[in-house]
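Student: return a 3D structure for these sequence lines:
(one chain, ligands or ions: 2)
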Amino acid sequence: MAGYEDLIGREDINDLEAILSVANTDTTEIVRAVRDNADAIFTWDYEKGARPALEKLYEKAKTSQWNGETDLDWSIEVDLESVGVNNFAQNAAPGGAGFADFEVAGTPFETWTDQQWLDLGVESNKWMLSQFMHGEQGALICTAKIVETVPWIDAKYYAATQVMDEARHVEVFAKYLDTKLDGYYPINTHLGLLLEDIVNDSRWDMTYLGMQIMVEGLALAAFGFMHMMTTEPLLKQLLRYVMSDEARHVAFGVISLKEYYEGLTDAEIFERQQFAFEAAVRMRDRFMQQEVWERMGVPVKEAIEAVMLTPTRQMFQMMLFSKIVPNCKKLGLLDRNDAWLRRRFEELGVIQFEDWVDTGSEYENFALTDEELASAS
Ligand SMILES: [Fe+2]
Ligand SMILES: [Fe+2]
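Tutor: Numbers count the residues shown, from 1 in each chain. Ligands and ions are numbered 1, 2, ... in the order given. Model (predicted):
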């Protein structure tokens, strides 16, 4: 299948050289201005109750606010090396659970020492959490944009609570990286381009589609995976709190867009399908973690070919789409226009998740207990 030049800047979705040719060239940048092309929308319709599911979500959000400073136990000392190994089994040395299928002979890893494998675990962990932090800032900005651009008062109310949630998320990831992991990586270009595409777009629903459905859908799956894998107690706690919010955020996207997309024409839906595909490819590309291979001093392309394309790692990459695909299905995006998005997800190897639970009401399972919320109040 070819012909993706217009959408993703290359003909073949798996063209590794093309993926790697896009890199962050200004890693010392402090401020970045991105054009937001949307109108701010006032509504004079203040009537509550038009969308009970949103109202319920808003009430839930009001009583689920936690405090990153006081609810998390920052006195926990973090052992960098054990965190790296435990979080990212896929980066553990050959013979580890994650690398059962990895043959080092003939790869840049042939001569690696145990120390280098440990360093890789530490760097991968730092890289992963850094990208989550940048993504959280993307969510902060996108949600503030939704407050401005969505035409419904109940959605403005909910989005306002999400702005506060995202501020907390940026804050706790930044604090963890700064005080426990000794700094962070700059934003990965593929992630940065995706966030810019979302902010650039003038249509209010595209912010939701890009952020709540795609970026946050992926984050919820990835946080769940890390939460399950990590044995580092502070990170586990941090992820637990963040996930309880993220599940609501993805629900916010599903509930809002379900209504709106039912009224769109095929041509309008096709634009959303293309946008979702483009976002999916960019997110997959960013997980190649090219900056980590550079820092480890191995040839990037060979390293990715050796490690990232192993069946185990591919399975991890696919799992990242386990929330996105069912949510796209629920929104009716998979099968409109001769199943265009279904065929793209087949090509990406992620269609098998279509019947997994969607995230429209799953947030209730992630809710914090009264005890977990106690110290915030
Ligand atoms: Fe977040
Ligand atoms: Fe979020």
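Student: in which helix or strand would I find the residue nearest to the spatial centre of the chain?
Tutor: Nearest to the centroid of the C-alpha atoms of the chain, with distances taken as Cα atoms, centre = their mean, sits A219, at 3.3 Å. Take DSSP states H and E as the rule and A219 turns out to sit in helix 216-229.
Student: let me see the contact set for the residue nearest to the centre of the chain.
Tutor: Contacts were defined as Cβ atoms under 8 Å, 6 or more residues apart in numbering; by that measure A219 touches 132, 135, 246. For glycine as for every other residue, the C-beta is placed from the backbone atoms N, C-alpha and C.
Student: before we move on, what about T63?
Tutor: Residues counted as contacts of T63 (Cβ under 8 Å, 6+ apart) are L373.
Student: re earlier: need the contacts of A219 in TSV with pLDDT, can you?
Tutor: As requested, the contacts of A219 are exported to TSV (pLDDT from 0 to 100):
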residue	pLDDT
F132	96
G135	97
E246	94
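Student: which of the residues you listed are buried, as a PyMOL select command?
Tutor: What follows is the PyMOL syntax selecting those of these that are buried according to 16 or more other Cβ atoms under 10 Å:
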select buried, resi 132+135+246
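Student: so which of the contacts of A219 comes closest to ligand 1?
Tutor: For those, the closest approach to ligand 1 (Cβ to the ion) belongs to E246, at 5.5 Å.
Student: the closest one and A221 touch, don't they?
Tutor: No. Using Cβ atoms under 8 Å, E246 is not in contact with A221, being 9.9 Å away.
Student: quick one: the helix holding A219 near ligand 1?
Tutor: No. For helix 216-229, no contact with ligand 1 is found by Cβ under 5 Å from the ion; the gap never falls below 6.7 Å.
Student: figure out how far that helix is from the centre of its chain.
Tutor: 8 Å (Cα atoms, centre = their mean, to the nearest Å).
Student: which parts of it are buried?
Tutor: By 16+ other Cβ under 10 Å, the buried positions in helix 216-229 come out as 216-227, 229.
Student: repeat for stretch 327-345
Tutor: In stretch 327-345, counting by 16+ other Cβ under 10 Å, buried: 327-334, 336, 340-342, 344-345.
Student: tell me how far the residue nearest to the centre of the chain lies from T369.
Tutor: Distance, A219 to T369, using Cβ to Cβ, to the nearest Å: 22 Å.
Student: near ligand 1, which residues of this protein show up?
Tutor: By the rule Cβ under 5 Å from the ion, the part of the chain lying against ligand 1 is 136, 139, 166, 169.
Student: ok, the closest residue to the last one other than its chain neighbours - contacts?
Tutor: Nearest-residue entry for H169: E136, 4.2 Å, with adjacent residues in sequence omitted and distances by Cβ to Cβ, 6 or more residues apart in numbering. Taking Cβ under 8 Å, 6+ apart as the definition of contact, the neighbours of E136 are 166, 169-170, 173.
Student: so which helix or strand takes in P326?
Tutor: Taking DSSP H and E as the criterion, the element that holds P326 is helix 324-330.
Student: and the contacts of that helix?
Tutor: Helix 324-330 has contacts (Cβ under 8 Å, 6+ apart) with 213-214, 217-218, 221, 250, 253-254, 258, 276, 280, 334-335, 341, 345, 350-351, 353-360.
Student: quick one: mean pLDDT for that helix?
Tutor: Here the mean pLDDT over helix 324-330 is 95, rounded to a whole number.
Student: so what's the gap between it and the chain middle?
Tutor: A distance of 15 Å separates the centroid of the chain from that of helix 324-330, by Cα atoms, centre = their mean.
Student: dump it to CSV, keeping only the CA atoms.
Tutor: These are the backbone C-alpha positions of helix 324-330, laid out as CSV (Å, rounded to 0.1, in the frame of the first residue of the first chain):
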residue,chain,number,x,y,z
ILE,A,324,-7.4,3.9,20.5
VAL,A,325,-8.9,1.3,18.2
PRO,A,326,-12.0,0.5,20.2
ASN,A,327,-12.6,4.2,20.8
CYS,A,328,-12.3,4.9,17.0
LYS,A,329,-14.8,2.1,16.4
LYS,A,330,-17.2,3.5,18.9
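Student: who's in contact with the closest residue to ligand 1 within the stretch 101-250 of the chain?
Tutor: Nearest residue of the stretch 101-250 of the chain to ligand 1, counting by Cβ to the ion: H169, 3.7 Å away. Taking Cβ under 8 Å, 6+ apart as the definition of contact, the neighbours of H169 are 136, 139-140, 242, 245.
Student: farthest-separated two in the residues you listed?
Tutor: In the contacts of H169, the most distant members under the criterion Cβ to Cβ are L140 and V242, with 12.9 Å between them.
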